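A.B. asks: Coordinates for the following, if possible.
(chains A and B)
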There are 2 protein chains.
Amino acid sequence: MLESWNNGAAKAALVDFVEGSAQSVPVDERVAVFDNDGTLWCEKPAYIQLDYLVRRAADQVAADPSLATDPAYAAAQSGDLAWFGNAVEKHYNGDDSDLKTMAAALLKANAAATTDEFASRVAAFFADGTHPTLDRPYRACGYAPMIELLRYTEANGFTNYIVSGGGRDFMRPVTGELYGIPPERVVGSSVGVTYGDGDIAVTDKFEFMDDGPGKPVAIWSHIGRRPILAVGNSNGDLQMLEYATAGSRPSLGVLVRHDDPDREFDYIAGAEQALEQAAHRGWTVASIRDDWRTVFAGEAMPGAR
Amino acid sequence: MLESWNNGAAKAALVDFVEGSAQSVPVDERVAVFDNDGTLWCEKPAYIQLDYLVRRAADQVAADPSLATDPAYAAAQSGDLAWFGNAVEKHYNGDDSDLKTMAAALLKANAAATTDEFASRVAAFFADGTHPTLDRPYRACGYAPMIELLRYTEANGFTNYIVSGGGRDFMRPVTGELYGIPPERVVGSSVGVTYGDGDIAVTDKFEFMDDGPGKPVAIWSHIGRRPILAVGNSNGDLQMLEYATAGSRPSLGVLVRHDDPDREFDYIAGAEQALEQAAHRGWTVASIRDDWRTVFAGEAMPGAR
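C.D. replies: Residues are numbered from 1 along each chain as shown, chains lettered A, B, ... in the order given. Below is the predicted model of the structure:
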């Protein structure tokens, strides 16, 4: 079932675990958690959700030009993605001013009167959103080997969850089609929602960052079980892999290494500590260059349900 | 499958919905949500969780008598349950002082270094915890007609969730045995949890009240779908029933009415608005006295998985 994987140490470790030691764990407890950005789909040159939010802000400023007095909306209007990248860079250099402007604008763009309205917008984005350099629709930016892994773990009694730093409500409308993961098994960062008049509204108030130590917290809150398989690619996944592999039962941690400039991207930044810990803790590292025969799935995801 | 239900309007409404109009809703969207206290198990004369927390506080003060300088711990030590009831009563009369003392003590009693430790404590409580007036173990205080309803909806393609004002982590260790509901489908009020050193600790900081308008919010956060069946018994369930029945698909709201002083309890307090709305909105009211042939399930829950 793992036909997009080359035969090698990573594939062997997966098969040994999933068909081997994991089978001694009761089926109900075979919980697997997967990061999304950089693990299930491509996260470069920018998060897909950032592209979505900037486009949404551009739509808003087109409808209401007065919004362009806000520098973030002005950048969205002119398609100046570098402004957003610089805002993040300035943040890492100790200057939060643009990041705050950016966050406020994107949270405002993200808000919706109802969850149906929110989901419709996301669906419209994915209907024609295209990756800026890979010449493929965003909905075909999922990794074929990982989608095969989802089906393979399911076939062996696992229940899979997405546990992502990305927005929970941004992922939910598409994870069924892309990955065969239903909304109730999508855990992510969230903005506050409120109830009134029979419906749920999405506010512009940030609520929970599902990253780093927040991932085990979110896993416990949502699932109430310690996973036995955790798959990620960055430092933000470190604690999730640690939590999954610190229990008394058989377990496996897996990190995707982005080292294929020809077929995907080549970057270590943001994954340094995770990769270092992988060596210490015996986690499996899956090299895109060496371990993946095929990188991207076609538009119709094989076996997705 | 509903042998503990008398033939009547309530049972007929359930059957008409579950085997009738609900069958036009895709299986993945047949989500049912059940309140716990007063809906799935008995909530009188006091919440089972309150008994648990007071006993836990009593254990703590037995181990550390210096805690008895705290009035709430002192009340726990002497088994003075009336003190806790009075604290709540004073709160309703505008004086929060004892309630704050009580909350702080019970949150302290609730805290745990690991989730395993927490679950062990809860399991020990249910191993021999006995209802104060009904002469039956707490783990046999689930309502037979409701447990049958859980199995009946499942057999007809529904996925059931508990959505309770009770503590999420207090319910999870026992909902499998009592109701056949696994931890990942238990939504409830929560205290904060933190991650460190491979494990999750339960703090003494209150986090989320899953009651009233909080219930639809929690349903969206956890499930990401609007339920089509909601079952409750009190004003705290009003918005959950409203949310479930406000969509465009077939749906049903159900309220349990506690009107059987001989076999259970007879009380309307706390359910006034919910029962009033039931009449306006066509929700089904299930009378314990008239609609339930049997009230309590035996110790071994029939058909639980």
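
A.B. asks: close to chain B, is whichever strand or helix holds residue A:188?
C.D. replies: Using DSSP states H and E, residue A:188 falls within strand A:186-196. Yes. On the criterion CB under 8 Å from any CB of the partner chain, strand A:186-196 is in touch with chain B at A:186, A:190, A:193, A:194, A:195, A:196. Any C-beta I mention is one placed from the backbone N, CA and C, and that applies to glycine too.

A.B. asks: Format the residues you listed as CSV; extra columns: neighbour count and pLDDT.
C.D. replies: CSV is the format used below for the residues of strand A:186-196 next to chain B (neighbours: other CB atoms under 10 Å in any protein chain shown; pLDDT from 0 to 100):
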residue, neighbour count, pLDDT
A:186, 26, 98
A:190, 19, 98
A:193, 21, 98
A:194, 14, 98
A:195, 21, 98
A:196, 12, 97
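
A.B. asks: end-to-end on stretch A:162-182?
C.D. replies: 10 Å (CA to CA, to the nearest Å).

A.B. asks: Would you state the helices of the stretch 51-200 of chain A in chain order?
C.D. replies: Secondary structure of the stretch 51-200 of chain A (DSSP state H, counting those that start in this stretch): helices located at A:71-77, A:81-92, A:97-110, A:115-128, A:144-155, A:168-179.

A.B. asks: next one: the second one to chain centre, how far?
C.D. replies: Between the centre of helix A:81-92 and the centre of its host chain there is 20 Å, according to CA atoms, centre = their mean, to the nearest Å.

A.B. asks: Any buried residues in that helix, and which?
C.D. replies: Neighbour-count burial for helix A:81-92, counted by 16 or more other CB atoms under 10 Å in any protein chain shown, picks out A:81, A:83, A:84, A:87, A:91.

A.B. asks: farthest pair in the residues you listed?
C.D. replies: Taking CB to CB, the two most distant members of the buried residues of helix A:81-92 are A:81 and A:91; they sit 16.0 Å apart.

A.B. asks: Around residue A:137, how many other residues sit close by?
C.D. replies: 14 (other CB atoms under 10 Å in any protein chain shown).

A.B. asks: how near is it to residue A:296?
C.D. replies: For residue A:137, the distance to residue A:296 equals 10 Å [CB to CB, to the nearest Å].

A.B. asks: likewise residue A:49?
C.D. replies: 19 Å.

A.B. asks: likewise residue A:151?
C.D. replies: 16 Å.

A.B. asks: which residues sit in contact with residue A:149?
C.D. replies: A:2, A:14, A:231 (CB atoms under 8 Å, 6 or more residues apart in numbering or on different chains).

A.B. asks: Could you list which of those residues belong to strands?
C.D. replies: residue A:231 (DSSP state E).

A.B. asks: Using CSV, please lay out the contacts of residue A:149 together with pLDDT.
C.D. replies: Output for these, formatted as CSV (pLDDT from 0 to 100):
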residue, pLDDT
A:2, 97
A:14, 98
A:231, 98
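
A.B. asks: which of the contacts of residue A:149 has the most neighbours?
C.D. replies: residue A:231 (30 neighbours).

A.B. asks: how far away is the nearest residue to that one once chain neighbours are set aside from residue B:22?
C.D. replies: In this structure, residue A:231 finds its nearest non-sequential neighbour in residue A:254, 4.4 Å apart by CB to CB, 6 or more residues apart in numbering or on different chains. Plainly put, residue A:254 is 40 Å away from residue B:22 if you go by CB to CB.

A.B. asks: between the two, which one's more packed in?
C.D. replies: For residue A:254 versus residue B:22, the count of surrounding residues by other CB under 10 Å is larger for residue A:254: 26 against 22.

A.B. asks: Checking the more buried one next. Helix, strand or coil?
C.D. replies: strand (DSSP: H, G, I helix; E, B strand; the rest coil).

A.B. asks: from what I can see it touches residue A:283, true?
C.D. replies: Yes. Counting by CB atoms under 8 Å, residue A:254 does reach residue A:283; the two are 6.5 Å apart.

A.B. asks: what sits in contact with each of these two?
C.D. replies: Joint contacts of residue A:254 and residue A:283 (CB under 8 Å, 6+ apart) are residue A:241.

A.B. asks: Which residues of the stretch 1-150 of chain A lie near chain B?
C.D. replies: Going by CB under 8 Å from any CB, the residues of the stretch 1-150 of chain A near chain B are A:28, A:115.

A.B. asks: Are stretch A:264-284 and chain B in contact anywhere?
C.D. replies: No. Counting by CB under 8 Å from any CB, no contacts exist between stretch A:264-284 and chain B, the nearest distance being 10.5 Å.

A.B. asks: Domain map for chain A?
C.D. replies: Here the domain parsing of chain A from the TED database is A:9-44+A:139-291, A:48-131.

A.B. asks: Buried deepest among those, which one?
C.D. replies: Most buried of the domains of chain A, by mean neighbour count (mean count of other CB atoms under 10 Å in any protein chain shown): domain A:9-44+A:139-291, with a mean of 20.

A.B. asks: Kind regards, and thank you for your time.
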